[in-house]
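Peer 1: what's the 3D shape of this:
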Amino acid sequence: MPEGYIDLGYAKPDTQREERTGVAEVIYGEGKTADQIAGIVTALRDAGQTRVLITRLDSEKAFEVKALLAACDADVFEYRETPRLGIVGGLPESDGDAYVCVACAGTSDLPVAEEAAVTAEMLGSRVVRLYDVGVAGIHRLFSHADDIAGASSVVAVAGMEGALASVVGGMAKCPVIAVPTSVGYGASLGGIAALLSMLNSCASGVSVVNIDNGFGAGYQAALIDHACKRAAERAQEA
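Peer 2: Numbers count the residues shown, from 1 in each chain. Predicted structure coming up:
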């Protein structure tokens, strides 16, 4: 086996990713067959990776993957339908009292928001979810001001005009990661309107990921969360 990866022919799973980055290999499921996904999972687990996250996995393919992994005596495969995520090995326990806050504007944004939330949980963060708190009924968001103020990072998920990120950015003292979704009518242009709105936010401390990229937002939020925890630990030791 070459050092650092496993050559399966159709894929080269990275066995040193966690050592380099602190986060183990994640499988992007869209475009891969069930056989390919199961093969990559098996190779990673054989190399010592105990948990594997699979993103963008539809329910039909998830059923096939579960059957293939069960035949290999792998741990129970769990499928989360709303965020289209597959989880092998279960979620870890959260590693502290700090938390990531995931806020989404409307129920239609839940698939992206849950992708962010579960990704952060898979990386060991505790997650507080604030759902259906869009600016059309802004009092719903304001009633969660304490949750936003206490977070180590906030993921703000919104389609339509994407205004939620700017409002949250004006309430939070931590980094805000804005996620535009493709939810909206014609002039939303499949999320481009929300993306441009978030990129042009006047609120300081707002960064933006790609349209519908809940995984990228959850990953970034967890990294920030863990950095805050390490800083708090160093301060206690000093």
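Peer 1: show me where pLDDT drops low in this structure?
Peer 2: 1-2, 74, 238 (pLDDT under 70).
Peer 1: domains of it: list them as residue ranges, please.
Peer 2: Per the record, the chain has its domains at 17-88, 99-229, by automatic domain parsing.
Peer 1: strands of the protein, start to end?
Peer 2: Using DSSP state E, the strands of the chain run over residues 27-28, 52-55, 77-80, 85-88, 99-104, 126-131, 153-158, 176-180, 206-208.
Peer 1: okay if I get those as a markdown table plus distance to Tyr5?
Peer 2: To be clear about C-beta, it is placed using only N, CA and C from the backbone, and glycine gets the same treatment. Output for the strands of the chain, formatted as a markdown table (distance: least, CB to CB, whole Å):
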| stretch | distance to Tyr5 |
| --- | --- |
| strand 27-28 | 14 |
| strand 52-55 | 15 |
| strand 77-80 | 23 |
| strand 85-88 | 19 |
| strand 99-104 | 30 |
| strand 126-131 | 31 |
| strand 153-158 | 31 |
| strand 176-180 | 29 |
| strand 206-208 | 30 |
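Peer 1: hmm, back to that, most packed of the domains of the chain?
Peer 2: Ranked by mean neighbour count, the domains of the chain are led by domain 99-229 with a mean of 21 (mean count of other CB atoms under 10 Å).
Peer 1: pull the residues that contact the helix ranked longest in the chain.
Peer 2: Assignment by DSSP state H gives helix 214-237 as the longest helix of the chain. The contact list for helix 214-237 (CB atoms under 8 Å, 6 or more residues apart in numbering) reads 22-23, 26, 55, 83, 95-96, 98-100, 102, 111-120, 123-125, 152-155, 157, 174-175, 177-179, 207, 209-210.
Peer 1: is it true that Ala149 touches Ala172?
Peer 2: Yes - if you go by CB atoms under 8 Å, Ala149 and Ala172 touch, sitting 7.0 Å apart.
Peer 1: and Ile211, how far is that from Thr50?
Peer 2: Remark: distance between Ile211 and Thr50 (CB to CB, to the nearest Å) = 32 Å.
Peer 1: redo the domains of the chain as a markdown table? Include distance to Gly4.
Peer 2: Converted to a markdown table, the domains of the chain look like this (distance: least, CB to CB, whole Å):
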| stretch | distance to Gly4 |
| --- | --- |
| domain 17-88 | 9 |
| domain 99-229 | 21 |
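Peer 1: relative to Gly9, which of these is closest?
Peer 2: domain 17-88 (9.3 Å; CB to CB).
Peer 1: and the closest one, how far out from the chain middle?
Peer 2: 15 Å (CA atoms, centre = their mean, to the nearest Å).
Peer 1: next one: stretch 180-194
Peer 2: Averaging C-alpha positions (CA atoms, centre = their mean) puts stretch 180-194 20 Å from its chain's average.
Peer 1: list of residues touching that stretch?
Peer 2: 106, 108-109, 112, 157-162, 195, 197-198, 208, 210-212.
Peer 1: next, the distance between the ends of it.
Peer 2: End-to-end distance of stretch 180-194: 5 Å, with CA to CA, to the nearest Å as the criterion.
Peer 1: rewinding a little: and the longest helix of the chain, how far from the chain's centre?
Peer 2: Relative to its chain's centre, helix 214-237 lies at 14 Å (CA atoms, centre = their mean).
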